[in-house]
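Enquirer: need coordinates for the following:
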Amino acid sequence: MNYLLVWELPDPDEEYVCGADTAEGLEHGDRSSLDIIRCSNGEQVAHWFGHLDAELFAHLIAQVCRMYNNAFVGPERNNHGHAVILKLRELYPTRYIYNEQHLDQAYDDDTPRLGWLTTRQSKPVLTEGMKTLLNNGLSGIRWSGTLSEMNTYVYDAKGSMNAQEGCFDDQLMSYMIAQEMRARMPVRVKQKTDKRRTTHWMAH
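Expert: This is a model prediction of the structure:
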């Protein structure tokens with residue numbers, strides 16, 4: 001806990017996505033968690049979980065995402081996630097932060113809102129997507145903690161999926177959000193390098 005686990009260093013020719021689940025930051029409460037996933041094959045390449053306040057977690061997200069070629073990030077917007085997103089938008093280009101269109105019916109205002117909001121309607125999108133990956137043998141999970149939380153992620157009496165009593169789901173949530181970001185990531189246009197340009201000052 002509180003260590004960045006890395007299975008693959010960034011590949012300059014690859015694109016990556018990040019999912020981030022924010023907790024309150026209390027020592028004995030839920031943990032914050034982030035995952036980096038390689039877009040080409042959906043595999044988990046880096047993972048962090050632990051206790052940080054909102055501002056420090058935003059700094060961590062920004063640093064890790066920059067490290068992985070400006071990864072497209074989906075920070076969860078629920079609860080303390082608002083504070084993380086407020087700081088993250090100061091530290092990281094907003095074009096690389098997932099946003100949802102929100103329709104304000106009172107003002108007929110279609111306003112983008114940064115981050116992923118987990119609700120009764122959106123959580124099944126995550127869980128069904130994860131089920132599809134599992135059924136196809138393409139989960140991409142490398143961290144035992146993510147697998148452990150998956151084993152205790154069950155249906156409750158209301159038919160909604162949550163962690164069993166006394167268990168956690170933070171690491172699973174960040175992973176599922178990252179996989180959803182992989183599905184929703186906008187196409188990036190790679191800049192062409194000018195082969196005539198050289199960085200050697202004597203080559204003139």
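
Enquirer: and the helices in the protein?
Expert: Using DSSP state H, the helices found in the chain span residues 54-67, 81-91, 123-135, 144-151, 170-184.

Enquirer: which strands or helices does the fourth one pack on?
Expert: Looking back up the chat, that one is helix 144-151. strand 44-50, helix 170-184 (3 or more C-beta pairs under 8 Å, 6 or more residues apart in numbering; DSSP states H and E). Bear in mind the C-beta positions are built from the backbone N, C-alpha and C, glycine included.

Enquirer: what's the burial count for the nearest residue to Y98 once chain neighbours are set aside?
Expert: The spatial neighbour of Y98 that comes closest, neighbours along the chain excluded (C-beta to C-beta, 6 or more residues apart in numbering), is G74 at 4.1 Å. Neighbour count of G74, defined by other C-beta atoms under 10 Å: 27.

Enquirer: roughly how far apart are G74 and K190?
Expert: Using C-beta to C-beta, to the nearest Å, G74 is found at 22 Å from K190.

Enquirer: show me the contacts for the closest residue to P186 other than its chain neighbours.
Expert: Distances taken as C-beta to C-beta, 6+ apart put F72 closest to P186, at 7.4 Å, once the chain neighbours are dropped. F72 is in contact with E15, Y16, V17, C18, Y96, I97, Y98, M181, M185, P186, counting by C-beta atoms under 8 Å, 6 or more residues apart in numbering.

Enquirer: beta partners for F72?
Expert: V17 (DSSP bridges).

Enquirer: one step back: buried subset of the contacts of F72, written for ChimeraX?
Expert: Buried members of those, defined by 16 or more other C-beta atoms under 10 Å, are picked up in ChimeraX with:
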select :15,16,17,18,96,97,98,181,185
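
Enquirer: columns pLDDT and distance to G145 on top of the contacts of F72, output as TSV?
Expert: Shown next, in TSV, are the contacts of F72 (pLDDT from 0 to 100; distance: C-beta to C-beta, whole Å):
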residue	pLDDT	distance to G145
E15	98	25
Y16	98	20
V17	98	19
C18	99	17
Y96	97	26
I97	97	25
Y98	96	24
M181	97	20
M185	94	25
P186	90	30
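
Enquirer: closest to T127 among the contacts of F72?
Expert: M181 (15.5 Å; C-beta to C-beta).

Enquirer: do you know how far the closest one is from I37?
Expert: For M181, the distance to I37 - C-beta to C-beta - is 8 Å.

Enquirer: can you list residues touching both of the two?
Expert: V17, C18, G19.

Enquirer: Serialize those to CSV and add fields for distance to E8.
Expert: Formatted as CSV, those follow (distance: C-beta to C-beta, whole Å):
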residue, distance to E8
V17, 14
C18, 14
G19, 17
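
Enquirer: state the distance from the residue nearest to Y98 to P124.
Expert: 16 Å.

Enquirer: quick one: which of the helices and strands packed on helix 144-151 is nearest M161?
Expert: It's helix 170-184; of the helices and strands packed on helix 144-151, that one is closest to M161 (C-beta to C-beta) at 9.8 Å.

Enquirer: just want the angle from that closest one to helix 144-151.
Expert: Orientation check (axes from the mean of the first three to the mean of the last three C-alpha atoms, to 10 degrees): helix 170-184 against helix 144-151 gives 90 degrees.
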